[in-house]
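> I'd like to go over a predicted model; first the sequence, then the structure.
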Amino acid sequence: MHPDDPADHTLTDAHPSTRTGDAASTERTIGRHRAPETPRRTLLGSTPLRVALATGVTCCLSLVAVATARGDDDTARTVEPLAEAVADRAAIADERASRSLDRDAVPARVLPSPTAKPTPAPTVVRKAPKKPVKPRRPRPVAGLDQAQMDNAKIIVDVGLEMKMPRRALVVALATAMQESNLYNLASDVLPESANYPNQGSGSDHDSVGLFQQRPSSGWGTVAELMRPSYAARAFYSALNEIPGWQDMSVTAAAQAVQISAFPDAYAQHEERATTVAAALTT
């Protein structure tokens, strides 16, 4: 029978098939025109499973919230005493600072560098002690040699120390020129006198030294009279005891002290004595 025959169609309608009559079911029964099957739903697409999963997540979140709340509570309980302690320490620090505002800062310790070398001590240069400078010897004048000029200087220096005027210096120099020629003489009569520094010897009784003063007459000991400075001081002291010696001539003043057997002999030395005194006082 032909498929387009109406009788065939009527027969088909009279005996309906047990399969569903929707278009989709018809198409699935056709072999090569069968539509592809709808993909199967995944496991999570199941409604009961979704409900169970949602219930578990909710429980977990509740537990986390409770734990967090408890943790916040514990933290708050811990923080509160700590905050109070910090506040107490701050108050104590303020109180201490208010009582000690004038406190000096503690100097920082400076530790030496391990590689730094110690600073060497400064070298002290010790200078050798200077030798005592010998007094300058006066240049001889008026025909005197150096020994005579040295003795003349001693006579002048002693007179200046005793505040004697220039006139007394001239009288003393003229007297020493006449008595010893300005040499410090020992005495042949007094062997002891040779034990002291001398520049020759004389033989006029026991007279010694620049002014030929005699120990037996009370001028001093031999040792004293052999020192030019002592002999000069003894002469000036005796001259000061002569009343009005400043108005006397050089010869008269010298004779008043020496009481010599030749009273006029001193006058010849006045000019040289004046020249020497001037050289030693300028």
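Cool, got the structure.
> return the backbone torsion pair for the residue nearest to residue 216 when sequence neighbours are not counted.
In space, not counting the residues next to it along the chain, residue 216 is nearest to residue 206; the distance is 5.4 Å by C-beta to C-beta, 6 or more residues apart in numbering. Every residue, glycine included, has its C-beta placed from N, CA and C. Dihedral angles of residue 206 (phi, psi; degrees, to the nearest 10) stand at phi -100, psi 30.
> residue 206 is in contact with residue 187, isn't it?
Yes: contact criterion C-beta atoms under 8 Å: residue 206 and residue 187 qualify, at 5.8 Å.
> more crowded one of the two?
Taking neighbours as other C-beta atoms under 10 Å, residue 206 and residue 187 compare with residue 187 leading, 25 against 17.
> and that one, how far is that from residue 176?
16 Å (C-beta to C-beta, to the nearest Å).
> residue 224 and residue 212: what is the separation?
14 Å.
> next: residue 124.
Counting by C-beta to C-beta, the gap from residue 124 to residue 212 is 57 Å.
> let's see the helix or strand where residue 168 lies as PDB, backbone CA atoms only.
In this assignment (DSSP states H and E), residue 168 forms part of helix 166-180. Extracted in PDB, the C-alpha atoms of helix 166-180 (Å, rounded to 0.1, in the frame of the first residue of the first chain):
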ATOM      1  CA  ARG A 166     130.700 110.500  93.600                       C
ATOM      2  CA  ARG A 167     133.200 112.500  95.700                       C
ATOM      3  CA  ALA A 168     133.600 109.500  98.100                       C
ATOM      4  CA  LEU A 169     134.300 107.200  95.100                       C
ATOM      5  CA  VAL A 170     137.100 109.400  93.900                       C
ATOM      6  CA  VAL A 171     138.700 109.600  97.400                       C
ATOM      7  CA  ALA A 172     138.600 105.800  97.800                       C
ATOM      8  CA  LEU A 173     140.100 105.200  94.400                       C
ATOM      9  CA  ALA A 174     142.900 107.700  94.900                       C
ATOM     10  CA  THR A 175     143.700 106.100  98.300                       C
ATOM     11  CA  ALA A 176     143.900 102.500  96.900                       C
ATOM     12  CA  MET A 177     146.100 103.800  94.000                       C
ATOM     13  CA  GLN A 178     148.500 105.200  96.500                       C
ATOM     14  CA  GLU A 179     148.500 102.400  99.000                       C
ATOM     15  CA  SER A 180     148.600  99.300  96.800                       C
END
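> that one: what's the following helix or strand?
strand 186-187.
> pLDDT weak spots in the protein?
For the chain, residues meeting the criterion pLDDT under 70 lie at 1-118.
> follow-up on the earlier one: okay, residue 224 and residue 212: which has more neighbours?
Under the criterion of other C-beta under 10 Å, the comparison of residue 224 against residue 212 puts residue 212 first, with 23 against 18.
> got a list of what the residue nearest to the more buried one when sequence neighbours are not counted touches?
Using C-beta to C-beta, 6+ apart and skipping residues adjacent in sequence, the residue nearest residue 212 is residue 179, 4.3 Å away. Going by C-beta atoms under 8 Å, 6 or more residues apart in numbering, residue 179 touches 207, 210, 211, 212, 258.
> which residues does the first one contact?
In this case it means residue 207. Residues near residue 207 by C-beta under 8 Å, 6+ apart: 179, 187, 213, 214.
> same thing but 7 Å
With contact set as C-beta atoms under 7 Å, 6 or more residues apart in numbering, residue 207 has these partners: 187, 213, 214.
> done for today, thanks.
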